[in-house]
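Chemist: Structure of the sequence below:
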Amino acid sequence: SSIRPSIYSNVIMPLSLEKKKIIVIAYIAVFMDMVNFSIIVPILPYLSMELHATTMQEGILFSSYAITQLISLLVMGPLSDRYGRKYFLLLTLLGPGIGSILQGCSYSMWTLIIWRTLTGFFAGALILVQAVIGDLVPAEERSVYLSRLDACSSTAFILGPAIGGVLSQVNNHFPLIVGGVISDIAFVAAIFLLKESNPAVLQRREAKKMNIKLEESEKKVKPINRAKVRITGTMCLCFAFEFCVRWTTNAYESRYGIYLSDFFGTSSLAYSTLIIVQSVICVVLEFWVYPWFTGKLKIPIPYLAGIGMAIEFFSYLGMTVDSEMGSMVFCTLLWIGYCFAAPTSVSILSTTTHPTILGQILSYNNFFWQGSLIVCPLILSAIYQYNKKWIYYFSSFTALIATIIMGYMSTWDNVKEIGRTSMFKAEDAKEEKVEIEMKTEGTSSVPPTEKNQTEVLSAPEGEVKPVPPAVVESEKSASVVVENQTQPVNA
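Modeler: Have a look, this model is predicted:
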């Protein structure tokens, strides 16, 4: 009888060419989706002005999208655990594509708000690709691939605003239509190129394809049962850390341009140039430097995250200097710290969460990310009215909290393995050992081979190594060999 292969074998085996293709296609899908997003976002304020939006309508335009996106993140992750990643990743390309075109065709503010709000329900590509990486990539390499996923987003934010600026010369509607077409092209390509990665879904499909019911196939391949969701202390620390890390992007995008304009009269061209320079730095750090630190140098992930958040803490304080260039330099350092910290929560959660509920836990994690996106602009806007510099003093506390969280994790005995080694790798090995032992019960009367005698004698006291399956299948022939070897040879 054959031994069941590890249902999480992707955790310990090197990536096959097929898996690499799936990940590359998923990267491209996120990149195209983020290009669409980065083309549209810089244009929306100008389109709102063209449509004579009130201050309230401008606020609703952005907050309504954030709220529906939050709902999307909470729903798509768990559903992708049950029904597969591919279907929902396709939705995150088709929905924003159609939504962007409809937004571009809007000639009243409330119509624009409605289409923008509905588009948010399909904005969940990032969490799905995080889950794909969790499905396919070995635990020790997962942080590298997550960092490169962030690099895809950073690259999109280099190209998107530039494309949007050129297209806006036609009119403010045209960039939204082009952005939607880009997403729809990615959708069509993904239909044919993207493959499913969820192991539980693949198993069910295979059983259906072979016309075998799961109850019957259990004799050959044990079905992957969905684990119960239990919120652990490690998860809570990761959720809090994610909120603090993502505060960085929200504090920057919602306030820093206005801050530079109010204090130093910085032009939009100078600010756009700063964004492009910072995005290029982020791509280099996320695609090459971070993987080198974690992959080649084997620096523990909590160490890097703690250093990154400490850099953010001092950068927030430095951004308040009375020098335009000095403030921009510290702001750039802020993004350097962010690149070292950004992949941390997902890396840790993906190695401490049961694979069958990974999408759901990543949904919870992204809930805190999205919560930061909603709460941060509101809090900083209220503080900004009283003292403009206080917004960065306040933000430095979020960086300090995140630094403390990573400092605490850095004291753990398994700090070198956090986010790098799957806790289910050991559990799976135990399951297989139990199955082997169950299959070999009652075979003690069969004389062992010389190899198995050596294994039994060399095992620690009180522990007997299980008989390999190949030996179990050939017990009779092995017995004959041993008997022949032990009989005296007649002259």
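Chemist: drop to CA atoms for contacts and neighbour counts, all remaining ones
Modeler: Will do.
Chemist: Distance-wise, check the spatially most central residue of the chain relative to S410.
Modeler: When Cα atoms, centre = their mean is applied to the chain, the residue found nearest the centroid is Q130 (2.9 Å). Separation of Q130 from S410 (Cα to Cα, to the nearest Å) stands at 24 Å.
Chemist: got it, and G77?
Modeler: 29 Å.
Chemist: between these two, which one's more packed in?
Modeler: G77 (28 against 20; other Cα atoms under 10 Å).
Chemist: so the residue nearest to the more buried one when sequence neighbours are not counted, which of the three states?
Modeler: Spatial nearest neighbour of G77, chain neighbours left out: G359 (4.1 Å); criterion: Cα to Cα, 6 or more residues apart in numbering. Three-state call for G359 (DSSP: H, G, I helix; E, B strand; the rest coil): helix.
Chemist: how many other residues sit next to G359?
Modeler: 34.
Chemist: going forward, begin numbering at 44 instead of 1
Modeler: Taking 44 as the first residue, the last one we looked at is G402.
Chemist: Return, as residue ranges, the portions of the stretch 394-534 of the chain with sub-threshold pLDDT.
Modeler: Where the stretch 394-534 of the chain drops to pLDDT under 70, the residues are 467-534.
Chemist: one more time with 80, if that's ok
Modeler: 416, 420-421, 466-534 (pLDDT under 80).
Chemist: Ok, the stretch 94-243 of the chain next?
Modeler: 98-99, 101-102, 105-106, 204, 208.
Chemist: separation between S149 and A166?
Modeler: 20 Å.
Chemist: With G177 instead?
Modeler: 20 Å.
Chemist: repeat for E239
Modeler: Counting by Cα to Cα - E239 and A166 are separated by 19 Å.
Chemist: which one of the two has more residues nearby?
Modeler: A166 (26 against 16).
Chemist: contacting residues for that one?
Modeler: 112, 115-116, 135, 138-139 (Cα atoms under 8 Å, 6 or more residues apart in numbering).
Chemist: one more time with 10 Å, if that's ok
Modeler: 76, 80, 108-109, 111-116, 119, 132, 134-136, 138-139 (Cα atoms under 10 Å, 6 or more residues apart in numbering).
Chemist: what does I350 give?
Modeler: Counting by Cα under 10 Å, 6+ apart, I350 touches 356, 380-381, 383-384, 446, 449-450.
Chemist: you'd agree Y407 is up against F282?
Modeler: Yes - Y407 is within contact range of F282, at 7.7 Å (criterion: Cα atoms under 10 Å).
Chemist: what about V364, is that helix, strand or coil?
Modeler: Going by three-state DSSP: V364 is coil.
Chemist: Look at it and report its pLDDT.
Modeler: V364 carries a pLDDT value of 96.
Chemist: same deal with E261?
Modeler: The predicted local confidence for E261 is 48.
Chemist: what does R47 give?
Modeler: At R47, pLDDT is 33.
Chemist: What sits closest to the residue nearest to the centre of the chain if chain neighbours are left out?
Modeler: L189 (7.0 Å).
Chemist: So what's the residue count around that neighbour?
Modeler: L189, neighbours per other Cα under 10 Å, totals 24.
Chemist: circling back: ok, now which ones touch the residue nearest to the centre of the chain?
Modeler: The contact partners of Q173, taken as Cα under 10 Å, 6+ apart, are 66, 69-70, 120, 185, 188-189, 192, 389-390, 393, 401-402, 405.
Chemist: Tell me the secondary structure at it.
Modeler: Put simply, Q173 is helix when judged by three-state DSSP.
Chemist: buried ones in stretch 437-454?
Modeler: 438-439, 441-450, 452-453 (16 or more other Cα atoms under 10 Å).
Chemist: roughly how far out does the helix or strand harbouring A445 sit from the chain middle?
Modeler: For A445, the enclosing helix or strand under DSSP states H and E is helix 433-452. Counting by Cα atoms, centre = their mean, to the nearest Å, helix 433-452 is centred 22 Å from the centre of its parent chain.
Chemist: Please export the alpha-carbon coordinates of that helix; PDB is fine.
Modeler: Backbone C-alpha positions of helix 433-452 (Å, rounded to 0.1, in the frame of the first residue of the first chain) are rendered in PDB as follows:
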ATOM      1  CA  TRP A 433       1.600  67.400  14.600                       C
ATOM      2  CA  ILE A 434       0.300  64.900  12.000                       C
ATOM      3  CA  TYR A 435       3.800  63.500  11.700                       C
ATOM      4  CA  TYR A 436       4.500  63.600  15.400                       C
ATOM      5  CA  PHE A 437       1.300  61.600  15.800                       C
ATOM      6  CA  SER A 438       2.300  59.200  13.000                       C
ATOM      7  CA  SER A 439       5.600  58.500  14.700                       C
ATOM      8  CA  PHE A 440       3.700  56.800  17.500                       C
ATOM      9  CA  THR A 441       2.300  54.300  15.100                       C
ATOM     10  CA  ALA A 442       5.900  53.500  13.900                       C
ATOM     11  CA  LEU A 443       7.000  53.300  17.500                       C
ATOM     12  CA  ILE A 444       4.200  50.800  18.300                       C
ATOM     13  CA  ALA A 445       5.200  48.600  15.300                       C
ATOM     14  CA  THR A 446       8.900  48.800  16.400                       C
ATOM     15  CA  ILE A 447       7.900  47.500  19.800                       C
ATOM     16  CA  ILE A 448       5.900  44.700  18.300                       C
ATOM     17  CA  MET A 449       8.800  43.500  16.200                       C
ATOM     18  CA  GLY A 450      11.200  44.000  19.100                       C
ATOM     19  CA  TYR A 451       9.000  41.600  21.100                       C
ATOM     20  CA  MET A 452       9.000  39.100  18.400                       C
END
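Chemist: which strands and helices sit next to that helix?
Modeler: In terms of contacts (3 or more Cα pairs under 10 Å, 6 or more residues apart in numbering; DSSP states H and E), helix 433-452 is packed against helix 276-294, helix 344-361, helix 367-384, helix 401-427.
Chemist: Could you look over the ones you listed and pick the most buried one?
Modeler: Highest mean neighbour count among the helices and strands packed on helix 433-452 (mean count of other Cα atoms under 10 Å): helix 344-361, with a mean of 24.
Chemist: Helix 433-452 and that one, what's the angle between them?
Modeler: Helix 344-361 and helix 433-452 are oriented at 160 degrees to each other (axes from the mean of the first three to the mean of the last three Cα atoms, to 10 degrees).
Chemist: Now do the buried residues in the helix ranked longest in the chain.
Modeler: Identified as the longest helix of the chain according to DSSP state H is helix 98-126. Neighbour-count burial for helix 98-126 flags 100-101, 103-126 (criterion: 16+ other Cα under 10 Å).
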